[in-house]
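Student: dropping a prediction and its sequence here:
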Amino acid sequence: MANDKFLNGKSNWRWWICSLLFAATMVNYMDRQVLSLTWKDFIAPEFGWTNSDYGLITGFFSLAYAFISLFAGKFIDWAGNRRGYLIAILVWSLGACLHAFCGWGAVRTASALMLSVGTVSVWMFMVCRFVLALGEAGNFPAAIKVTAEYFPKKDRALATSIFNAGSSIGALLAPACIPWLASKYGWEMSFIIIGALGFVWMGFWIAMYDHPEKSRHVNEAELAYIRQDEKDPLPSSPLKGEGSTLPSVEGTEEKVIPYWHCFRYRQTWSFIAGKFFTDGVWWFFLFWAPAYFSDQYGFKSDSREAVLLLSVLYLIVTVLSIGGGYLPKYFVERRGMEPYAGRMRAMLLFALFPLTALLAQPLGTLSAWFPAIIIGLAGAGHQSWSANLYSTIGDMFPKSTIGTITGIGTMAGGIASFLINWGSGKFFDYCKAMGSAFQFFSFEGKEAGYMIVFCLCAVGYLVAWLVMKTLVPRYKKIEV
């Protein structure tokens with residue numbers, strides 16, 4: 001192999017840093033999942049929420065996430081990875097814990113103003129979701145920036161797929177513990193306990209993270225491996241740790257693309273398209289899967305059946321999505337393709353996985369396990385797609401702009417997620433009210449509504465791939 005010279009005596013601190021990114025992403029998604037796993041069977045009976053109420057809250061979160069993401073990436077680029085990531089997880093952990101006080105606050109406010117407790121509770125949860133979105137919008141820009149800082153191009157998709165699997169693990173652990181916490185200690189404590197995990201992570205980040213050039217855990221061989229894409233990754237002498245002054249990622253002068261100039265590049269719009277047509281699919285499955293199994297099969301969130309179905313669903317996502325990082329690596333190292341072409345080839349294959357969602361409702365008439373497995377396959381396709389999509393940023397943009405571009409694309413994904421989550425809530429209430437008068441294929445009422453949304457989710461990735469391939473047919477690095 002061309003890079004054998006880097007292997008002798010090389011430290012592996014980059015994978016410990018990747019594990020921190022994994023843990024942060026896991027906590028990120030567990031904080032999001034608390035509401036989806038408690039609203040149907042714990043919160044809605046207390047406040048009288050409808051599908052539209054829940055859709056409004058989740059849709060507002062997506063919209064807030066989208067708007068904040070437009071600036072979160074720029075903030076991470078400005079603040080740097082160490083400080084920016086700390087601030088992000090501090091804010092979202094506070095936001096997660098604040099949800100616990102919505103019930104008490106809604107009752108007091110409604111009593112004082114003679115308003116409906118349900119209406120006040122919806123608005124209070126929306127405020128808390130805004131704080132949650134304010135912090136969570138910084139997670140992926142920071143994680144992608146750290147990945148570009150600690151990994152060479154050929155390994156970035158694998159590293160991204162590993163830390164991105166934290167979302168799957170978080171979604172896997174959530175149904176196993178959150179409904180139990182809610183039933184045993186109350187839904188309020190489930191928000192506080194899960195939200196507190198972020199404060200624990202902050203201690204590990206402070207103790208373990210530093211720039212590769214400054215970290216005492218990264219030796220010269222590993223730094224050379226990390227910088228292998230650069231023309232002169234290491235000076236000839238002296239050795240790292242012996243008074244050398246090595247090039248720094250955040251410490252050196254690097255030209256920055258002005259914010260609004262980013263929209264002049266087709267590569268930016270390609271990333272926007274990749275996020276817009278696909279992020280809503282994942283967020284729909286994430287926010288609505290517990291309600292789906294409750295609506296369609298009567299399995300409450302804390303029931304053994306619901307826990308098993310959701311656990312298997314996200315186990316499939318987790319196991320298969322980690323392998324998604326290896327496929328472009330195979331295309332690059334074994335087939336001799338350049339990284340962008342290898343990623344696009346892999347992403348086309350991953351875009352086929354969500355097509356299985358077309359069968360979720362038809363096979364669901366036989367057993368609830370069929371949609372659980374099918375949604376798991378679709379989710380695995382998304383996570384593998386997402387890992388490679390994020391890696392295209394590091395391939396084509398300078399490191400100084402990675403956080404900004406990630407934030408812009410995340411904004412597009414957040415807008416799509418708002419549309420599908422808010423729209424689904426309204427749509428499902430409409431389908432339920434229409435009953436047998438609303439039909440699609442052999443389904444009627446709310447079942448027909450789920451079938452229509454699944455069809456939209458199934459084709460989103462192929463549409464995204466075609467748009468991306470049209471905008472950026474081949475690799476072209478942006479020079480500034």
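Tutor: Cool, the structure landed.

Student: quick one: name whatever helix or strand follows the helix or strand harbouring Tyr430.
Tutor: Here Tyr430 sits within helix 402-434, counting by DSSP states H and E. Next along the chain after helix 402-434, taking DSSP H and E as the criterion, comes strand 439-440.

Student: quick one: the strands in this structure?
Tutor: 439-440, 443-444 (DSSP state E).

Student: any chance of a markdown table for the ones you listed, columns mean neighbour count?
Tutor: (C-beta placed from N, C-alpha, C; glycine too.) A markdown table is the format used below for these (neighbours: other CB atoms under 10 Å):
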| stretch | mean neighbour count |
| --- | --- |
| strand 439-440 | 16 |
| strand 443-444 | 18 |
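
Student: and of the ones you listed, who's closest to Pro339?
Tutor: Closest approach to Pro339 among these (CB to CB): strand 439-440, 41.9 Å.

Student: so what strands line up beside the closest one?
Tutor: strand 443-444 (antiparallel) (DSSP bridges).

Student: low-confidence ranges, the stretch 251-400 of the chain, go.
Tutor: 251-254, 325 (pLDDT under 70).

Student: now with 50?
Tutor: Within the stretch 251-400 of the chain, the stretches with pLDDT under 50 are 251-252.

Student: identify the residue nearest the residue nearest the centre of the chain in space, chain neighbours excluded?
Tutor: Centroid-nearest residue in the chain, with CA atoms, centre = their mean: Ser167, separated by 6.1 Å. In space, and not counting its chain neighbours, Ser167 is closest to Tyr29: 4.3 Å by CB to CB, 6 or more residues apart in numbering.

Student: could you check how far the one you found is from Tyr314?
Tutor: 10 Å (CB to CB, to the nearest Å).

Student: between those two, which is the more surrounded one?
Tutor: Tyr314 (31 against 22; other CB atoms under 10 Å).

Student: surely the more buried one touches Ala176?
Tutor: No: using CB atoms under 8 Å, Tyr314 is not in contact with Ala176, being 9.6 Å away.

Student: between the two, what contacts are shared?
Tutor: Common neighbours of Tyr314 and Ala176 (criterion: CB atoms under 8 Å, 6 or more residues apart in numbering): none identified.

Student: so who does Val146 touch?
Tutor: Ile17, Leu21, Asn81, Tyr85, Tyr209.

Student: find the nearest non-adjacent residue to the first one, please.
Tutor: If the residues on either side of it in the chain are set aside, Ile17 comes closest to Tyr150, at 5.3 Å by CB to CB, 6+ apart.

Student: on that earlier part again, let's have the strands of the chain in CSV, adding mean pLDDT.
Tutor: Formatted as CSV, those follow (pLDDT from 0 to 100):
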stretch, mean pLDDT
strand 439-440, 94
strand 443-444, 94
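
Student: make CSV out of these and add distance to Glu213.
Tutor: CSV is the format used below for those (distance: least, CB to CB, whole Å):
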stretch, distance to Glu213
strand 439-440, 58
strand 443-444, 59
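
Student: Cys457: which of the ones you listed is closest?
Tutor: Among these, if distance is taken as CB to CB, the winner is strand 439-440, at 14.6 Å.

Student: look at Leu355 and say how many residues are nearby.
Tutor: Leu355 sits with 16 neighbouring residues when counted by other CB under 10 Å.

Student: okay, it and Met468: tell me how far apart.
Tutor: 18 Å.

Student: ok, the residue nearest to Ile17 - contacts?
Tutor: Applying CB under 8 Å, 6+ apart to Tyr150 gives the contacts Arg14, Ile17, Cys18, Ala159, Pro212, Ile226.

Student: equivalent analysis for Ser384, please.
Tutor: Ser161, Leu320, Ser321, Gly323, Gly324, Gly325, Leu327, Ala346, Phe350, Phe353.

Student: swap the cut-off to 10 Å and go again
Tutor: 157, 161, 164-165, 317, 320-328, 346-347, 349-351, 353 (CB atoms under 10 Å, 6 or more residues apart in numbering).

Student: got it, and Val27?
Tutor: 89, 92-93, 96, 136, 139, 166, 170, 194-201.

Student: what count of nearby residues applies to the residue nearest to it when sequence neighbours are not counted?
Tutor: Using CB to CB, 6+ apart and skipping residues adjacent in sequence, the residue nearest Val27 is Leu197, 4.8 Å away. Neighbours of Leu197 under the rule other CB under 10 Å: 19.

Student: what about Leu197, distance to Ser311?
Tutor: Going from Leu197 to Ser311 by CB to CB gives 19 Å.

Student: phi and psi next, for Asp229.
Tutor: phi -80, psi -10 (degrees, to the nearest 10).

Student: got it, and Met337?
Tutor: phi -80, psi 150.

Student: that one contacts Leu327, doesn't it?
Tutor: No: applying CB atoms under 10 Å as the test, Met337 and Leu327 come out as separate, 11.2 Å apart.

Student: now the common contact residues for these two.
Tutor: Common neighbours of Met337 and Leu327 (criterion: CB under 10 Å, 6+ apart): Arg343, Arg345, Ala346.

Student: and Ala351, how far from Cys455?
Tutor: The spacing between Ala351 and Cys455, counted by CB to CB, is 15 Å.

Student: scratch that, Asp210
Tutor: Going from Asp210 to Cys455 by CB to CB gives 48 Å.

Student: one more: Ile17?
Tutor: Taking CB to CB, one finds Ile17 at 40 Å from Cys455.

Student: more neighbours: which of those two?
Tutor: Ile17 (26 against 15).

Student: without its sequence neighbours, what residue ends up closest to His382?
Tutor: Nearest to His382 is Trp282, by CB to CB, 6+ apart, at 4.6 Å.

Student: Ile272 reaches Gly407, doesn't it?
Tutor: No: under the criterion of CB under 10 Å, Ile272 makes no contact with Gly407, lying 11.1 Å away.

Student: sorry, back to before: tell me which of the shared contacts of Met337 and Leu327 is nearest to Ala416?
Tutor: Of these, the one sitting nearest to Ala416 (CB to CB) turns out to be Arg343, at 21.1 Å.

Student: pretty sure the closest one is touching Leu327, no?
Tutor: Yes: taking contacts as CB under 10 Å, Arg343 lies within contact range of Leu327: 8.9 Å.
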